[in-house]
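A.B. asks: Provide a 3D model corresponding to the input given below.
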Amino acid sequence: MSHSDNKKEIPYEITAGGSLGLLALGAVGLKAWRAKRAELEQQNQNVSNPKTEES
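C.D. replies: Residues are numbered from 1 along each chain as shown. Presented below is the predicted three-dimensional model:
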């Protein structure tokens, strides 16, 4: 049995504010947090500036 057999995926909610858990994961956590933050910023821009269709 190798180490890879012992890995379990645990769902974790990533927030825009981040967390110590993400920081503890190092580069992987930082990358996940940045992706979530960019996703939320994009959603906020879409809500603030909805595209209008011109006829």
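
A.B. asks: Skipping adjacent residues, who's closest to the most centrally placed residue in the chain in space?
C.D. replies: Centroid-nearest residue in the chain: Lys36, 2.7 Å away (criterion: Cα atoms, centre = their mean). Excluding the flanking residues, the one nearest Lys36 by Cβ to Cβ, 6 or more residues apart in numbering is Ile14, at 4.3 Å. C-beta here means a position set from N, CA and C on the backbone, and glycine is covered the same way.

A.B. asks: low-scoring pLDDT stretches of this structure, where are they?
C.D. replies: Of all residues in the chain, those with pLDDT under 70 make up the ranges 1-5, 51-55.

A.B. asks: ok, which stretches of this protein are helices?
C.D. replies: Along the chain, the stretches classed as helices by DSSP state H are 20-24, 27-48.

A.B. asks: contacts for the first one?
C.D. replies: For helix 20-24, the external contacting residues (Cβ atoms under 8 Å, 6 or more residues apart in numbering) are 12, 14, 29-30, 32-33.

A.B. asks: Same list (those) but as TSV, adding distance to Leu20 and neighbour count.
C.D. replies: Shown next, in TSV, are the contacts of helix 20-24 (distance: Cβ to Cβ, whole Å; neighbours: other Cβ atoms under 10 Å):
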residue	distance to Leu20	neighbour count
Tyr12	12	11
Ile14	13	18
Gly29	10	18
Leu30	12	13
Ala32	14	15
Trp33	11	19
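
A.B. asks: No more questions from me, cheers.
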